[in-house]
Structures are given as C-alpha cells and as structure tokens.
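**Q** I need the structure of the sequence given here:
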Amino acid sequence: MKNKNKSKKNRLWKVIFVLLLIIVSIYYYPNFYKSTAKRIYRLFQRPRAAVGIIKWSNIDQGIESCSVTVNNPDTRFGTELFMLRVDPKFIETRVLYQKQLSTAQDIARSNSAFATINGSFFDEQNRPLGLLIIDGDQIQRMPTSGMRNSGIFCIKHDRPIIYHRDSYLSNNTIQAIQSMPRLIHRGRAIQKLRNKDERKRRSGIAIDSSGKIIIYITDTHLSGISFSDLQKFLLNPQLKIRSALNLDGGKSSQLYFKRFEHEKHIVGLTKVPVFLGFFKK
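**A** Alright, predicted model coming up:
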C-alpha cells in the first residue's frame, strides 16, 4: 500500500514539474514556445486549403448567400465569413440612418428590409462620419480633411459604384456612404493599408464584374481576419470582384438577413446609427 502511494506521489510531482517547465518556457521564451508548439501541431494537422469552397445558394430572384471558411496558417481555427450577393436589377439598396442607435435586426424589421448590414463609422456623439446621402438628399457632406484613404459607395441610375473620395462626383447620386479603407480597385489589392495584419471582426461591401453587390461579414466573436487576408480572399477568381470597401468593423459589425425560411443574424456588440438596407423591387 505504501509503495502504491509513493508511486502516485512521484507521478504527481512529475506532472507538476512538467507544468512548471511549460509555464517557465512560455514566460521566459515565448517565441521558442510558440514555434515549437506550431511544429508539434502541424505534425498532426491535415493540410488545409487557404479558402473553403465558395458555393452560392439561390435564395430568391437576385439574392444568393454563401458561408465560407478562410484559414490562416498562423492560427488553429479558420474565420467564418458570411456573404450575400444581390443583383441591382431586382434588388434596391438604400442607406438607412436614424439618430437613435439601432441594431441590424431592429432596423431591418422597422424598414421592411430583407437584409441590413452596419454602415460607416461614427463619432462619440453617434454622428456618422463622412458623406451621407439618402434618397438624393445630402444628410452630411464629405469632410474637407481626414479620411484620405476612404471610399464612397453610392447608387447612381440603379448602378452601384465605389469611388475614391477624390474622384467622387455628386451628380445623380441617390444613395451614398463614405467609409474606409478601400480594399480592392479595378480588380487589384490596394497597397499601403494601415494595420493590414491586425485581425478584427470585419464587414464590407464589394461589386463584382457583372455589377452585382456582395456584402460580407465575419461570422464570429472569437477571432477576426486581417485586411491582408481579406484582400486575398476577395480576389479569389470565383468571386470576380472589381472593387471593395471596408465598412465599420469590430464591435459595430452586424448583419440581419431573412427571406422566406432563410435567416441569418450576426449580432453586433454595440448599436450603430447607419446601415445599408436591401429591398425587393
């Protein structure tokens, strides 16, 4: 009996010693520990594609949805992205703004939109930053300074367009919001983005080569995606994206979608004043 107890104590001390060794190595040699842990993990990890299968589901005329996993070699888990693709021939896009902050779900229901996604940035007084045009009326003008790498998503003659702020012309604009940064221009990644490798929750809007609108959002609260990885994903040949603009991210990222029996609700961590809403014509 004594020998058994002694053996258990020895095993316990060995476990404690190993745990202390791991703690010390993490504290004093974090880079060595991380690289070693990655090597061990990769020994047991199956090879994964950088992007999961992009397969669109037809929801209704002019409405398609897709969920895809974007993997990162530096992290164990991939980031889920949810996308909606809408055809302006059948779908109307509007800027929705109210001084009283709201959620994507609440503003979708109050405006009878089948989908909403958070829009542009706003200040501490909940005032939207940048140009804002709703139904042809300018609610807020473009600032004369700041937001140098921003873009304007607008609707002109039922056509969606993303401009650089310096090339934007206001004539015939029905809807417009200003946000930043632009990610894709003429089918190429825009360079020299700030904090391009920082991983955060993201939301954004893109236009493909056929003129369809794609909205996308990270479907997680546990991880995010960097601008660099997001650009690589958006330039996947399957998507045929020509231009893309980042919308307000982080806590603001949220989306609500409901059409027939199809429903998707990505909850934000804060309420926001500006949304893009989508309606059947």
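**Q** could you chop the protein up by domain?
**A** Structural domains assigned to the chain are 2-44, 57-280, following automatic domain parsing.
**Q** so which bits of the lengthiest strand in the chain are buried?
**A** Scanning the chain for the strand with the most residues, using DSSP state E, yields strand 91-102. With burial defined by 16 or more other C-beta atoms under 10 Å, the residues of strand 91-102 counted as buried are I91, E92, T93, R94, V95, L96, Y97, S102. Where you see a C-beta, it was placed from the backbone N, CA and C, and this is true even at glycine.
**Q** could you list the low-pLDDT ranges of this protein?
**A** With pLDDT under 70 as the threshold, the chain has low-confidence stretches at 1-10, 24-52, 72-77.
**Q** would you map the helices across it?
**A** 2-28, 30-44, 104-111, 227-234 (DSSP state H).
**Q** on that earlier part again, name the stretch among the domains of the chain that sits most buried.
**A** domain 57-280 (a mean of 18; mean count of other C-beta atoms under 10 Å).
**Q** got the end-to-end distance for stretch 214-226?
**A** Across stretch 214-226, the terminal residues are separated by 19 Å (C-alpha to C-alpha, to the nearest Å).
**Q** return the distance of that stretch from the chain's centre.
**A** Centroid separation for stretch 214-226 versus its chain: 4 Å, with C-alpha atoms, centre = their mean, to the nearest Å.
**Q** what's next to it, contact-wise?
**A** For stretch 214-226, the external contacting residues (C-beta atoms under 8 Å, 6 or more residues apart in numbering) are 67, 70, 72, 75, 77, 79-86, 115, 117, 196-208, 233-234, 239, 241, 249, 253-255, 266, 269, 276.
**Q** at 7 Å what do you get?
**A** Stretch 214-226 is contacted from outside by 67, 70, 75, 77, 79-85, 117, 196-206, 208, 239, 241, 253, 255, 266, using C-beta atoms under 7 Å, 6 or more residues apart in numbering.
**Q** over to stretch 122-141?
**A** Counting by C-beta under 7 Å, 6+ apart, the neighbours of stretch 122-141 from elsewhere in the structure are 95, 97, 101, 120-121, 142-143, 147, 150, 152, 173-179, 272-274.
**Q** try it again at 10 Å.
**A** Outside of stretch 122-141, the residues that reach it under the criterion C-beta atoms under 10 Å, 6 or more residues apart in numbering are 94-97, 99-101, 119-121, 142-143, 146-147, 150-155, 165, 168, 170, 172-180, 248, 252, 271-274.
**Q** could you find the closest non-adjacent residue to T103?
**A** Distance criterion C-beta to C-beta, 6 or more residues apart in numbering; nearest residue to T103, sequence neighbours excluded, is K271 at 5.7 Å.
**Q** hmm, K99 and the one you found touching each other?
**A** No. K271 is beyond contact range of K99, at 11.7 Å (criterion: C-beta atoms under 10 Å).
**Q** from G78, how far off is the residue nearest to T103?
**A** When distances are taken as C-beta to C-beta, to the nearest Å, K271 and G78 turn out to be 29 Å apart.
**Q** nearest spatial neighbour of L239, skipping sequence neighbours?
**A** Counting by C-beta to C-beta, 6+ apart, D208 is the residue found nearest to L239 once chain neighbours are left out, at 6.4 Å.
**Q** return the residues in contact with the one you found.
**A** With contact set as C-beta under 10 Å, 6+ apart, D208 has these partners: R85, P160, G187, I214, L234, L239, K240, I241, R242, S243, A244.
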